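In: from the sequence below, what's the structure:
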Amino acid sequence: MSVPMETCVLHCCYDPFRLRFKHSSSSSSSSHPFDLNKGSSCLYSRIPLPEPYTKLLLSLPTRAVPTHSPTKHATLLVDTFHEHHTLKALLSDLQKRDSCPLLLLKHHGDWNRDHFWLVVKFLRNASRSHEILKLFDTWKSIEGSRINESNYEKVIVLLSQDGLMEDAVSAFQDMKSIGLRPSLGTYNSLIHGFAARGKFEIAMLFIDEMKEINMIREADTYDGLIEAYGKYRMYDEMIECLKQMELDGCFPDHITYNLLIREFSKGGLLKKMEGLYRSILSKRMDLQSSTLVAMLEAYAKFGILDKMEMFYRRILDSKTNMKEDLIRTLALVYIQNHMYSRIETLGIDLHIKAGKTDLVWCLLLLSHACLSSRRGMDSVVQEMDKANETWNVTVANILLLAYLRMKDFKRLRTLFSEIRARRVKPDIVTIGILLDANNKSFDGTRILEAWRRMNLLSRAVEINTDSLVLAAFGKGRFLKDCEEAYASLELMGRENKVWTYEELIDLVCENQGGMGLKTR
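Out: Model prediction:
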């Protein structure tokens with residue numbers, strides 16, 4: 001696959017470890033810690049030189065380095081073009097089927113540092129991180145200066161992040177065997193890597209080793225452990241970890257407190273969550289927006305309305321973005337407590353933040369539908385028409401369910417015609433509304449026959465209605481009968497069959513005998 005030159009530039013300058021310098025590795029004598037790769041200075045900030053170098057440069061005559069040199073500029077352009085061409089060729093080789101970076105390295109003879117880390121990034125993106133260690137061993141053996149703490153740390157961090165803990169430990173042991181001293185970051189990556197996979201005993205061995213060599217632990221060392229304990233719902237161990245952290249003279253910072261609050265929120269441990277929340281306020285530490293959201297989710301999960309609304313307002317004031325799933329959770333709490341006017345407030349707040357989305361229209365319309373407000377529903381529909389918004393099946397079903405509940409069959413029939421005019425494709429909820437209405441003295445034979453002629457009933461069964469609608473109005477008799485009829489079938493008959501609306505309706509009619517409508 002052809003790769004644009006612009007893409008090559010981006011890949012070339014990618015550095016997941018935020019390297020400050022670009023080393024040339026074509027030969028050990030040409031490497032210089034302040035040698036920026038030619039043509040890449042526009043993508044890196046200027047690097048401050050140590051004071052002796054600064055004084056030396058200031059002592060040189062200004063004429064020694066011309067401000068504009070046509071020859072130098074032309075050389076830079078040629079070198080940059082060559083670099084881009086080399087990267088493009090390398091990327092092209094990597095993207096070939098069954099490419100082997102190790103063979104490519106042997107074929108090319110060597111890669112500079114940028115090319116090597118580009119290949120490492122490619123392997124990670126291709127889920128081939130298991131090839132990194134062997135490639136690193138070969139690459140560093142080409143030039144001795146590459147055998148340093150920095151390169152080893154980067155490799156160990158990446159392997160730990162990708163869960164290749166055996167390779168990470170192998171690199172760690174190799175590093176120590178040649179006399180290199182692992183950094184705090186190297187130990188942290190191993191501790192976090194093992195802890196994230198539930199290997200807490202091994203993680204603690206590395207902490208013990210840090211103590212033996214008198215390496216000072218930082219909050220981040222324990223934060224990774226706390227997060228892993230939360231992942232495995234080991235909340236007692238989280239508290240013990242916090243105590244051990246303080247005994248070791250490493251006092252928790254605002255990141256630790258926020259992390260603990262979030263983990264206790266996820267676990268539903270509200271008293272511990274609130275205790276830490278009070279602590280962080282008393283210590284005047286920053287409360288992260290993700291922590292506020294986690295506490296809101298916890299209160300919504302347990303239906304604690306007053307605190308849920310308090311944190312909801314705090315999040316609104318902080319201008320923190322909330323995902324639609326969280327908005328739906330809040331709306332569900334209001335539905336369960338029959339607080340339908342609050343659903344409209346949610347819709348208005350979401351409209352201010354995100355504009356007129358499908359969820360906004362759903363909330364606004366659902367609020368008025370639950371309150372059986374004809375005027376309210378008409379106003380939302382008029383607003384949608386004014387904004388040239390098309391109806392989806394959620395909008396259609398909210399209106400149908402509202403008028404079915406009110407037993408306004410005249411308006412119900414008009415709505416079924418309007419659905420067809422607005423080209424809304426019915427789903428199983430729409431079918432259920434029609435059949436439920438038919439059991440309440442509404443004649444839906446013609447509508448069902450029209451759907452059959454349009455081949456709508458021969459399509460595979462779908463449910464595209466927002467879940468909030470069913471939460472507010474319930475499933476209705478037909479949908480419940482569908483579930484019972486479906487559950488009565490043998491397992492093979494359920495899983496190895498794609499059901500159509502016709503087949504499902506006929507199945508319900510045969511099992512229940514009371515729907516009154518057959519499709520054939």
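In: helix or strand: which one has residue 120?
Out: helix 113-125 (DSSP states H and E).
In: list the buried ones in that helix?
Out: Going by neighbour count (16 or more other Cβ atoms under 10 Å), the buried part of helix 113-125 is 113, 114, 115, 116, 117, 118, 119, 120, 122, 123, 124. In short, each C-beta sits where N, CA and C put it, glycine included.
In: return the distance of that helix from the chain's centre.
Out: Centroid separation for helix 113-125 versus its chain: 24 Å, with Cα atoms, centre = their mean, to the nearest Å.
In: only alpha carbons, please: show that helix as CSV.
Out: The C-alpha trace of helix 113-125 is given here as CSV (Å, rounded to 0.1, in the frame of the first residue of the first chain):
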residue,chain,number,x,y,z
ARG,A,113,17.1,5.6,16.3
ASP,A,114,14.0,7.2,14.7
HIS,A,115,13.7,4.3,12.3
PHE,A,116,14.0,1.7,15.0
TRP,A,117,11.3,3.2,17.2
LEU,A,118,9.1,3.6,14.1
VAL,A,119,9.3,-0.1,13.5
VAL,A,120,8.5,-0.7,17.2
LYS,A,121,5.4,1.4,16.9
PHE,A,122,4.4,-0.5,13.8
LEU,A,123,4.8,-3.9,15.6
ARG,A,124,2.6,-2.6,18.5
ASN,A,125,-0.1,-1.4,16.2
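In: tell me the mean pLDDT for it?
Out: The pLDDT scores in helix 113-125 average 93.
In: mind putting the buried residues of helix 113-125 in a markdown table, distance to residue 461 included?
Out: Listed next are these as a markdown table, based on distance: Cβ to Cβ, whole Å:
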| residue | distance to residue 461 |
| --- | --- |
| 113 | 57 |
| 114 | 54 |
| 115 | 54 |
| 116 | 53 |
| 117 | 51 |
| 118 | 49 |
| 119 | 48 |
| 120 | 47 |
| 122 | 43 |
| 123 | 43 |
| 124 | 41 |
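In: mind listing what residue 335 touches?
Out: 343, 370, 468, 471, 472 (Cβ atoms under 8 Å, 6 or more residues apart in numbering).
In: tell me the one among those residues nearest to residue 332.
Out: Checking those against residue 332 by Cβ to Cβ gives residue 471 as the nearest, at 5.7 Å.
In: please identify the buried residues of the next helix or strand after the helix holding residue 120?
Out: The helix or strand immediately downstream of helix 113-125 is helix 132-142, counting by DSSP H and E. By neighbour count on 16+ other Cβ under 10 Å, the buried set for helix 132-142 is 132, 133, 135, 136, 139, 140.
In: got the contact list for helix 132-142?
Out: By Cβ under 8 Å, 6+ apart, helix 132-142 touches 101-102, 105-106, 110-111, 116, 119-120, 123-124, 146-147, 151, 155, 158-159, 164, 167, 170-171.
In: let's see that with 7 Å instead.
Out: The set of residues external to helix 132-142 that reach it, using Cβ atoms under 7 Å, 6 or more residues apart in numbering, is 101-102, 105, 110-111, 116, 119-120, 123, 146-147, 151, 155, 158-159, 167, 170-171.
In: which other helices and strands does the following helix or strand past that helix contact?
Out: Where DSSP H and E defines the elements, the next helix or strand beyond helix 132-142 is helix 149-161. For helix 149-161, the packing partners by 3 or more Cβ pairs under 7 Å, 6 or more residues apart in numbering; DSSP states H and E come out as helix 132-142, helix 165-177, helix 184-196.
In: turn the ones you listed into CSV, including distance to residue 230 and mean pLDDT.
Out: CSV is the format used below for the helices and strands packed on helix 149-161 (distance: least, Cβ to Cβ, whole Å; pLDDT from 0 to 100):
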stretch, distance to residue 230, mean pLDDT
helix 132-142, 29, 96
helix 165-177, 20, 97
helix 184-196, 11, 97
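In: tabulate these (JSON lines), appending distance to residue 509.
Out: Shown next, in JSON lines, are the helices and strands packed on helix 149-161 (distance: least, Cβ to Cβ, whole Å):
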{"stretch": "helix 132-142", "distance to residue 509": "61"}
{"stretch": "helix 165-177", "distance to residue 509": "58"}
{"stretch": "helix 184-196", "distance to residue 509": "53"}
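In: please identify the most buried of these.
Out: helix 184-196 (a mean of 23; mean count of other Cβ atoms under 10 Å).
In: chain center to it: distance?
Out: Taking mean C-alpha positions (Cα atoms, centre = their mean), helix 184-196 and its chain are 23 Å apart.
In: let me know the angle separating it from helix 165-177.
Out: Going by axes from the mean of the first three to the mean of the last three Cα atoms, to 10 degrees, helix 184-196 is angled at 150 degrees with respect to helix 165-177.
In: what ranges do the helices span in the stretch 201-350 of the chain?
Out: Applying DSSP state H, counting those that start in this stretch to the stretch 201-350 of the chain gives helices spanning 219-231, 235-247, 254-266, 270-282, 289-301, 305-317, 324-336, 340-354.
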